[in-house]
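Engineer: Generate a structure from the sequence data that follows.
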Amino acid sequence: MIENPAQWLPGLRRAVPSAPLDEVFSCTAECSGPPKIGSSAILRSHDTDGTGSLTVLHELDSDTWQPYRDAYPDRDVERYLAVLAPDFRWVVPAERLVEGLAAYSERMRRSVADLPAGVTVYLDFRFTERLASTDFASERGIARMWGTGPRGPLPVRYTRFHTIARRDGGRWRLVVDYDAGEAEESEYEAADGFG
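Structural biologist: Presented below is the predicted three-dimensional model:
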């Protein structure tokens, strides 16, 4: 039995601490609570160069976050790895580790292969900062990992992430995933969802 969800997939993205949501986004009278993707608050926050960053954020969701999230319960590691650029780097300061795509891919394949039968892992993301131009993006937030097993629900794990993405061949791919530690449920709840 897996007692610690950290054993599920060592590659779960985490990242550097980021500013509180209200310091990143400004919400006007037309929105209540944290702004959601598609709200004018996000467009004003991110479309500083007139590039239509709201469209860019939707593309990022479609090209990276949605396939990544959907791959986990299906144990489809190749689908997840397809969102990574050939020059991808995974940075884990706590382990003094910088890993390239080949080593990271091997780690992820082993992690998925080592999941016990009957365990299903789910993953979701919320953002505290999303900055994008037409070809580069920096996104920070909180990931939530949870699952089910033969004996019922498994513990929930929250981690911070900071990723850098680049438009590559007409689609977005993650170039850097900076992993810096655990987060609290309250941080996840305060952050902005996607989709």
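Engineer: After the longest helix along the chain, heading C-terminal, what element do we hit next?
Structural biologist: The residue-count maximum for a helix in the chain (DSSP state H) belongs to helix 101-113. The helix or strand immediately downstream of helix 101-113 is strand 120-132, counting by DSSP states H and E.
Engineer: average model confidence for that following strand?
Structural biologist: Average pLDDT, strand 120-132: 92.
Engineer: got the buried residues for it?
Structural biologist: By 16 or more other CB atoms under 10 Å, the buried positions in strand 120-132 come out as Val121, Leu123, Asp124, Phe125, Arg126, Phe127, Thr128, Glu129, Arg130, Ala132. The C-beta positions use only the backbone N, C-alpha and C, and glycine is treated the same way.
Engineer: With adjacent residues omitted, what lies nearest to Ile142?
Structural biologist: Spatial nearest neighbour of Ile142, excluding adjacent residues (CB to CB, 6 or more residues apart in numbering): Tyr188 at 4.3 Å.
Engineer: can you pull the buried residues of the host helix or strand of the one you found?
Structural biologist: Using DSSP H and E, Tyr188 sits in helix 185-190. Residues of helix 185-190 classed as buried: Glu187, Tyr188 (neighbour count, 16+ other CB under 10 Å).
Engineer: begin at 56 from here
Structural biologist: Let's use 56 as the start, then, which means that last one is helix 240-245.
Engineer: can you give me how far it is from the chain middle?
Structural biologist: 14 Å (CA atoms, centre = their mean, to the nearest Å).
Engineer: right, and the helix or strand after whichever strand in the chain runs longest?
Structural biologist: As assigned by DSSP state E, the longest strand anywhere in the chain is strand 207-223. Once strand 207-223 ends, the next helix or strand along the chain (criterion: DSSP H and E) is strand 226-237.
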